[in-house]
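sequence first, predicted model second:
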Amino acid sequence: MSGPLVVLVGPMGVGKSTVGQLMAERLGASFRDTDDDIVAEQGRTIAEIFVDEGEPAFRAIEKAAVRRALAEHDGILALGGGAILDADTRALLAGQRVAYLSMDVEEAVKRTGLNAARPLLAVNPRKQWRELMEARRHLYEETATAVVATDGRTPEEVAEAALDALELKEA
Ligand SMILES: Nc1ncnc2c1ncn2[C@@H]1O[C@H](COP(=O)(O)OP(=O)(O)OP(=O)(O)O)[C@@H](O)[C@H]1O
Ligand SMILES: O=C(O)C1=C[C@@H](O)[C@@H](O)[C@H](O)C1
Ligand SMILES: [Mg+2]
């Protein structure tokens with residue numbers, strides 16, 4: 001299988017970046033995050049891109065960034081929370097090892113509620129998160145080869161559960 005060792009998907013704040021780095025350390029692999037790629041390439045934050053150009057323009061930038069990362073990266077790759085909205089991106093993920101990190105709404109509000117860096121949750125985090133998940137849950141599930149619940153688990157426990165679920169051995 002070519003492409004990344006593992007692709008992580010899931011909603012904002014579920015721990016893709018945190019857990020992805022831990023998984024990479026455990027596997028002796030490198031870590032890459034498409035949100036970071038976009039910020040580096042654009043020279044502005046994700047929130048600034050949303051404000052300057054709107055969500056559709058951000059999604060186009062994101063789609064290109066994900067395609068590039070899937071082609072280039074062979075370690076752990078975290079995708080932005082909304083990357084799976086794009087049908088071409090979902091098609092590229094077919095045949096990849098994809099872990100969906102999940103959490104319930106109360107955990108989501110705890111992790112993201114006060115963080116203005118996430119423009120889609122800036123006004124009413126609980127309501128916005130519920131609506132996002134209603135629209136996206138099936139897309140995360142259909143893309144994933146493993147689903148890993150993160151509620152009540154530390155990032156280390158989530159990393160271990162994900163490696164177990166994916167049947168990957170530590171270095
Ligand atoms: N299992 C966990 N338990 C408690 N807090 C966690 C856990 N995993 C991550 N966090 C915390 O939740 C916050 C969000 O984590 P992180 O930035 O890794 O999420 P993300 O999925 O990458 O989000 P985004 O899609 O917005 O990039 C951070 O403050 C992180 O420390
Ligand atoms: O879930 C989303 O739509 C997003 C998640 C983040 O990773 C960022 O890509 C951005 O804030 C949008
Ligand atoms: Mg992240």
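Nice, thanks for sending it over. Residues are numbered from 1 along each chain as shown. Ligands and ions are numbered 1, 2, ... in the order given.

for residue 111, grab the count of nearby residues.
By the criterion of other CB atoms under 10 Å, residue 111 has 19 neighbours. (C-beta placed from N, C-alpha, C; glycine too.)

check residue 79 too.
Count around residue 79 with other CB under 10 Å applied: 27.

from ligand 2, how far out is it?
Residue 79 sits 8 Å away from ligand 2, going by CB to the nearest ligand atom, to the nearest Å.

kindly report the same for residue 10.
In terms of CB to the nearest ligand atom, residue 10 sits 9 Å off from ligand 2.

contact partners for that residue?
16, 81, 100, 101, 102, 103, 140 (CB atoms under 8 Å, 6 or more residues apart in numbering).

any idea what the closest residue to the first one other than its chain neighbours is bridged to?
It stands for residue 16. Distances taken as CB to CB, 6 or more residues apart in numbering put residue 78 closest to residue 16, at 4.0 Å, once the chain neighbours are dropped. Legend: beta-bridge partners of residue 78 under DSSP bridges are residue 8, residue 33.

and residue 115, what pLDDT?
pLDDT, residue 115: 56.

just checking, what packs against the helix or strand of the chain with the lowest mean pLDDT?
Sorting the helices and strands of the chain by mean pLDDT, DSSP states H and E puts helix 105-112 at the bottom, at a mean of 82. Where contact means 3 or more CB pairs under 8 Å, 6 or more residues apart in numbering; DSSP states H and E, helix 105-112 is packed against helix 125-143.

can you check what angle separates the helix it packs on from helix 105-112?
Helix 125-143 and helix 105-112 meet at an angle of 110 degrees, taking axes from the mean of the first three to the mean of the last three CA atoms, to 10 degrees as the criterion.

list the buried residues in helix 125-143.
With burial defined by 16 or more other CB atoms under 10 Å, the residues of helix 125-143 counted as buried are 125, 128, 129, 132, 133, 136, 139, 140, 143.
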